[in-house]
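**Q** no sequence on this one, just coordinates:
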């Protein structure tokens, strides 16, 4: 499994993904699931992936046009005039990759499905965030639904629902994501450190911040340890139950 | 879906279940998923169910021997000499009910599977808690794993993992369950109020407490409202993230 979250803030976009992949519990690896492209001053795009690793790596390689010689590469997602067209391109490619491997050749035990989160900004279009389904269609985040999760989404959802604010500072959004990821990692072996983090500042068109959070990251450890205590204090602060009899 | 939790405390057992059943989002009903039997002074048993409603109702009816005239009923779960034997009886019955409907007659679109939580005490055997699978086998709660969840378990798990203590008072355990159920209900439409609550006090052999928590229950509302604020305060109490640059 996997856990990735994309947040749409007033100030821009924040992305966090884990890096654990597994095919059975005895075949566990670290793979990057977050990829960023940018044209300084004009556009920035980030994609996060959950699902079949061969599918998502094929999609990313094809988007990069890695089948061409380096000098001839001119990825169409860096040419498309709008985020909607980028999402359409990525969705079409995802559907095609799944179709090729799903319908031809030997049958696999598991499906080749994958789901993507795409976020970015092109020129004056404002930051936009999409969730792209294996069928190639997609939905866009709005004021009503300002974040998307893919993968193992349930454990980390309650804190996002309760604490997310579109006006948050980037620092607070990152803290929130760390709490959400920590709750997921504590409950589910298929999600694991290190985590990748990327921030797109509105109208900046370059990576405002990019970092990898390793298992020994002192801030993540402080959040992980502190959240248990903070939750217990929060729990104690609620009114006590009393039997009526 | 469904959400049920059974807690094994030093003082006894606490059970909570929701009551929502659905076959599609336009076929939603309220059904009890918690059933208790007792022989005062000798034994008390509670079963909670998640899964196919026809299966779980059939199992409960057969355990009650409702196919016999009321005067002739002598349910074997009230005769079995140990909780292990009760769990075996219930597991066998569950497997048989699923097999009959799963292998004969018309094929249904969904499976007839169900999972049960069984808890109780017989004589001096101490309170014991079991999770019974559709195949009829079961596992027992221990000091290492002192609670079981069935149904929609993920949203409400992080707070249980962080705040559960085997030495808890019943009142605190009920508060904890209400927080866990509130997180689940807020995130998932297939789990809904009212909730059923049952408490078995160690060595008491009668229902210490039994109640139904309706949507307008003032304590549940206080927990539901207060938990959002408490979570936000807990979140704010954690150290702030700072970019390194």
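**A** Now that the structure is in, tell me what you want to look at. This is a predicted model, so every value here is computed, not measured.
**Q** just the helices in chain A please.
**A** A:53-63, A:83-103, A:157-163, A:170-187, A:218-237 (DSSP state H).
**Q** and the ones you listed, which is most packed in?
**A** helix A:170-187 (a mean of 23; mean count of other Cβ atoms under 10 Å in any protein chain shown). Every C-beta, even on glycine, is put in place using the N, C-alpha and C of the backbone.
**Q** quick check: angle from that one to helix A:218-237?
**A** Put simply, helix A:170-187 runs at 80 degrees to helix A:218-237, going by axes from the mean of the first three to the mean of the last three Cα atoms, to 10 degrees.
**Q** hang on, the earlier thing: distance to residue B:208 and mean pLDDT added to the helices of chain A, as a markdown table?
**A** Below are the helices of chain A laid out as a markdown table (distance: least, Cβ to Cβ, whole Å; pLDDT from 0 to 100):
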| stretch | distance to residue B:208 | mean pLDDT |
| --- | --- | --- |
| helix A:53-63 | 52 | 94 |
| helix A:83-103 | 55 | 92 |
| helix A:157-163 | 30 | 93 |
| helix A:170-187 | 31 | 96 |
| helix A:218-237 | 23 | 95 |
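**Q** now render those as JSON lines, adding distance to residue B:56.
**A** Output for those, formatted as JSON lines (distance: least, Cβ to Cβ, whole Å):
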{"stretch": "helix A:53-63", "distance to residue B:56": "38"}
{"stretch": "helix A:83-103", "distance to residue B:56": "36"}
{"stretch": "helix A:157-163", "distance to residue B:56": "27"}
{"stretch": "helix A:170-187", "distance to residue B:56": "26"}
{"stretch": "helix A:218-237", "distance to residue B:56": "31"}
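**Q** any chance of these in TSV with distance to chain B as columns?
**A** Formatted as TSV, the helices of chain A follow (distance: least, Cβ to the nearest Cβ, whole Å):
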stretch	distance to chain B
helix A:53-63	23
helix A:83-103	23
helix A:157-163	4
helix A:170-187	4
helix A:218-237	4
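**Q** right, and the ones you listed - which one's nearest residue B:14?
**A** Residue B:14 sits nearest to helix A:218-237 of all the helices of chain A, at 15.6 Å, using Cβ to Cβ.
**Q** give the other helices and strands that the closest one contacts.
**A** Helix A:218-237 is packed against helix A:170-187, helix B:157-163, helix B:170-187, helix B:218-237, with contacts defined by 3 or more Cβ pairs under 8 Å, 6 or more residues apart in numbering or on different chains; DSSP states H and E.
**Q** rerun that using 6 Å as the cut-off
**A** Contacts defined by 3 or more Cβ pairs under 6 Å, 6 or more residues apart in numbering or on different chains; DSSP states H and E place helix A:218-237 against helix A:170-187, helix B:157-163, helix B:218-237.
**Q** touching the last one from outside, list them.
**A** Translated: helix B:218-237. A:162-163, A:230-231, A:234, A:237-239, B:178-179, B:182, B:213 (Cβ atoms under 6 Å, 6 or more residues apart in numbering or on different chains).
**Q** quick check: the farthest pair among these?
**A** A:230 and B:213 (26.6 Å).
**Q** and which of the contacts of helix B:218-237 is nearest residue A:190?
**A** residue A:231 (22.7 Å).
**Q** returning to that earlier point: for residue B:30, state which of the contacts of helix B:218-237 is nearest.
**A** Using Cβ to Cβ, these come closest to residue B:30 at residue B:213, 12.8 Å.
**Q** so what pLDDT did the closest one get?
**A** Residue B:213 carries a pLDDT score of 96 in this model.
**Q** ok, it - how many residues close by?
**A** Residues lying near residue B:213 (other Cβ atoms under 10 Å in any protein chain shown) number 20.
**Q** go on, the one 3 residues further on?
**A** By the measure other Cβ under 10 Å, the count of residues near residue B:216 is 9.
**Q** what separation is there between it and residue B:19?
**A** 15 Å (Cβ to Cβ, to the nearest Å).
**Q** just residue A:179 next, same as before
**A** 31 Å.
**Q** same question, residue A:69
**A** 64 Å.
**Q** picking up where we left off before, for the contacts of helix B:218-237, which one is nearest residue B:194?
**A** Looking across these and measuring by Cβ to Cβ, the closest to residue B:194 is residue B:213, at 5.7 Å.
**Q** list the contacts of the closest one.
**A** B:194-195, B:220.
**Q** related to what we said a few turns ago, now the helices and strands packed on helix A:218-237 in TSV, with distance to residue A:57?
**A** Listed next are the helices and strands packed on helix A:218-237 as TSV, based on distance: least, Cβ to Cβ, whole Å:
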stretch	distance to residue A:57
helix A:170-187	22
helix B:157-163	31
helix B:218-237	35
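**Q** can you tell me which of those is nearest to residue A:244?
**A** Closest among the helices and strands packed on helix A:218-237, using Cβ to Cβ: helix B:218-237, at 9.9 Å.
**Q** work out the gap between the closest one and the centre of the chain.
**A** Between the centre of helix B:218-237 and the centre of its chain there are 24 Å (Cα atoms, centre = their mean, to the nearest Å).
**Q** before we move on, back to that, residue A:69 and residue B:19: which is more packed in?
**A** Between residue A:69 and residue B:19, counted using other Cβ under 10 Å, residue B:19 has the larger neighbour count: 19 against 8.
**Q** my guess is the more buried one meets residue B:193, correct?
**A** No. If you go by Cβ atoms under 6 Å, residue B:19 and residue B:193 don't touch, sitting 7.5 Å apart.
**Q** residue A:148 bridge partners, please.
**A** residue A:6 (DSSP bridges).
**Q** what number of residues lie near it?
**A** 24.
**Q** how about it, what does it touch?
**A** A:6, A:117, A:131.
**Q** try 10 Å
**A** A:4-8, A:48, A:115-119, A:129-132, A:139-141 (Cβ atoms under 10 Å, 6 or more residues apart in numbering or on different chains).
**Q** what about the nearest residue to residue A:39 once chain neighbours are set aside, distance to chain B?
**A** Spatial nearest neighbour of residue A:39, chain neighbours left out: residue A:78 (5.7 Å); criterion: Cβ to Cβ, 6 or more residues apart in numbering or on different chains. Using Cβ to the nearest Cβ, to the nearest Å, residue A:78 is found at 26 Å from chain B.
**Q** residue A:78 is in contact with residue A:43, isn't it?
**A** Yes. In this structure residue A:78 lies within contact range of residue A:43 using Cβ atoms under 10 Å: 7.0 Å.
**Q** got any residues that touch both of the two?
**A** Joint contacts of residue A:78 and residue A:43 (Cβ under 10 Å, 6+ apart) are A:37, A:86, A:122.
**Q** perfect, that will be all.
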